[in-house]
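A.B. asks: for reference, the sequence and a predicted model appear below.
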Amino acid sequence: MKKKTGVFLIISAMLLMLLAGCGSSNEETETTHASEEEKLQIGLSFDSFVIERWLRDRDMFVSTASSLDAEVNVQVAGGVVEEQISQIEYFIQKKMDVIVIIPIDGDALHDVVKEAKSKGIYVVCYDRIIPNVNADLYITIDNEMVGTLMGESLVEACPDGGNIFVINGSPTDKNVEEVEKGFKDAIKGSKLKVAYSGYCDNWLAELAATHVNKGLEVTDDIVGIMCGNDDLASQAVKVLSENRLAGQVALVAQDADLAACQRIVEGTQTMTVYKPIEQEASTAATLAVMLGKGEDIGGSDCEYPVTETINDGEYEIPYYKITPVAVTKENMDEVIIDGGFHTREDVYLNVK
């Protein structure tokens, strides 16, 4: 009887130890879940990933935010404004701390963004402004300077003047207005004459080809073309090649896409504007986390203090701009390759 009692006591003790262990495990699980729930939540809404640069923006933003212990939910609207509105509504329902938006059409997002603001969610306009919503931050490349650099490059490439085409991006993208202003101011007083201009809805590259063809119907006596970005320029080059004009017509654009850098060293594109997008993305992520934590993004303690404002049409909102750089064949190695944006092997792939 004593032996049975002893065995019983040993088994009971073991069961108690196991139960205690299980309790500890549950406690750890609950703590882990609580820790995850406490992480800052950021919703990141992209226009689309058609343009090469947006993938770089996404990766750097997510990486930086994660390093600051924030979670990022990335949504991509595929260029459909109704889809972007739906995705922002989803972020509102999920009670995100911050929503960062690359708008397809800023005006169309007005109501849903105002709703987010009314719920106490911080809103960051990334690369493109959303008018009249009193966003908590607008961060972008200096778009007017982008246009200035493109205009100055065309003036330099065509010192004797002549006819040029201007193929702009989407008319609903507020950045396009700023780029246009910088470009027009840069060519003012030069001998360049805009013989044809057009816009590419939703930044559809195929429309650039259509516009260049239409322009050539007006006149084929041209010296240069300004394209809203490198994706549009890729289609302009195709049309110029078909008309045996590639390399003879100066072509300027922006984004420093790999294909554009290749065209520059090959001689079919004159320049592109390099926009430090990884700097833009990492800065935006850092400031978004600070906003979400209720910290002062304009203070001296801030790594990237936001000291400027810009009028969004109705409100003065915090504004942070990053300086772009003109890239030509002459400084390709210094800016793009030495800067680690593209590799030498990739840029000079087609050059022997």
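C.D. replies: Structure received.
A.B. asks: distance between the ends of stretch 158-167?
C.D. replies: Between the opening and closing residues of stretch 158-167 lies a distance of 18 Å (CA to CA, to the nearest Å).
A.B. asks: what's it in contact with?
C.D. replies: Contacts with stretch 158-167, where a contact means CB atoms under 8 Å, 6 or more residues apart in numbering, come from 154, 180, 183, 187, 190-198, 200, 208, 211-212, 215, 219, 221-228, 232, 236, 250. Every residue, glycine included, has its C-beta placed from N, CA and C.
A.B. asks: tell me the contacts of E152?
C.D. replies: Contacts of E152 were listed using CB under 8 Å, 6+ apart, and they are 186, 326.
A.B. asks: render the CA-only coordinates of the helix or strand hosting it in CSV, please.
C.D. replies: Per DSSP states H and E: E152 is located in helix 143-157. As requested, C-alpha coordinates have been extracted for helix 143-157 and formatted as CSV (Å, rounded to 0.1, in the frame of the first residue of the first chain):
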residue,chain,number,x,y,z
ASN,A,143,9.5,68.3,-58.4
GLU,A,144,9.9,71.8,-59.7
MET,A,145,13.7,71.2,-59.7
VAL,A,146,13.1,68.0,-61.6
GLY,A,147,11.5,70.0,-64.4
THR,A,148,14.2,72.7,-64.2
LEU,A,149,16.9,70.0,-64.6
MET,A,150,15.2,68.6,-67.6
GLY,A,151,14.7,72.0,-69.2
GLU,A,152,18.3,73.0,-68.6
SER,A,153,19.5,69.7,-70.1
LEU,A,154,17.5,70.3,-73.3
VAL,A,155,18.7,73.9,-73.6
GLU,A,156,22.3,72.7,-73.2
ALA,A,157,21.8,69.8,-75.7
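A.B. asks: what's the first helix or strand after it?
C.D. replies: Following helix 143-157 in sequence, per DSSP H and E, is strand 162-168.
A.B. asks: rounded mean pLDDT for that following strand, please.
C.D. replies: On average, the pLDDT along strand 162-168 is 98.
A.B. asks: adjacent strands (with direction) for that strand?
C.D. replies: For strand 162-168, the paired strands and their directions (DSSP bridges) are strand 192-199 (parallel), strand 222-227 (parallel).
A.B. asks: what helices or strands is the helix or strand following the shortest one leaning on?
C.D. replies: Per DSSP H and E, strand 222-227 leads on to helix 230-242 as the next helix or strand towards the C-terminus. Counting contacts by 3 or more CB pairs under 8 Å, 6 or more residues apart in numbering; DSSP states H and E, helix 230-242 is packed against helix 205-218, strand 222-227, strand 250-254, helix 258-266.
A.B. asks: would you mind finding the most buried of these?
C.D. replies: Most buried of the helices and strands packed on helix 230-242, by mean neighbour count (mean count of other CB atoms under 10 Å): strand 250-254, with a mean of 28.
A.B. asks: direction included, what does it pair against?
C.D. replies: Here strand 250-254 has these sheet partners by DSSP bridges: strand 222-227 (parallel), strand 271-274 (parallel).
A.B. asks: what does it rub up against?
C.D. replies: So strand 250-254 is contacted by 146, 150, 153-154, 157-158, 179, 223-230, 232-233, 236-237, 240, 260, 263, 268-273, 275, 324 (CB under 8 Å, 6+ apart).
A.B. asks: any idea how many residues pack against the closest residue to N73 other than its chain neighbours?
C.D. replies: Setting aside the residues directly before and after it, N73 is nearest to G43 in space (CB to CB, 6 or more residues apart in numbering), at 5.1 Å. Residues near G43, counting by other CB atoms under 10 Å, number 26.
A.B. asks: hang on, the earlier thing: for V100, which of the strands paired with strand 250-254 is the nearest?
C.D. replies: Each of these has some distance to V100 by CB to CB; the shortest is strand 271-274, at 22.5 Å.
A.B. asks: tell me what the helix or strand just after that closest one is packed against?
C.D. replies: Past strand 271-274, further along toward the C-terminus, the next helix or strand under DSSP H and E is helix 277-292. With contacts defined as 3+ CB pairs under 8 Å, 6+ apart, helix 277-292 has these neighbours: strand 40-46, helix 53-67, strand 70-76, strand 98-101, strand 122-126, strand 137-141, strand 316-322.
A.B. asks: looking at those, which is closest to T328?
C.D. replies: With CB to CB as the criterion, T328 lies closest to strand 137-141 of the helices and strands packed on helix 277-292, at 18.3 Å.
A.B. asks: contacts for the closest one?
C.D. replies: By CB under 8 Å, 6+ apart, the residues outside strand 137-141 that reach it are 122-129, 175, 275-277, 280, 283-284, 287-288, 291, 297, 306, 310, 312, 317-324.
A.B. asks: of the residues you listed, buried ones?
C.D. replies: For these, a burial check counting by 16 or more other CB atoms under 10 Å picks out 122-129, 175, 275-277, 280, 283-284, 287-288, 291, 297, 306, 310, 312, 317-322, 324.
A.B. asks: list the contacts of the residue nearest to N73.
C.D. replies: Remark: with contacts taken as CB under 8 Å, 6+ apart, G43 is in contact with 72-73, 75, 87-88, 90-91, 94, 96, 98-100.
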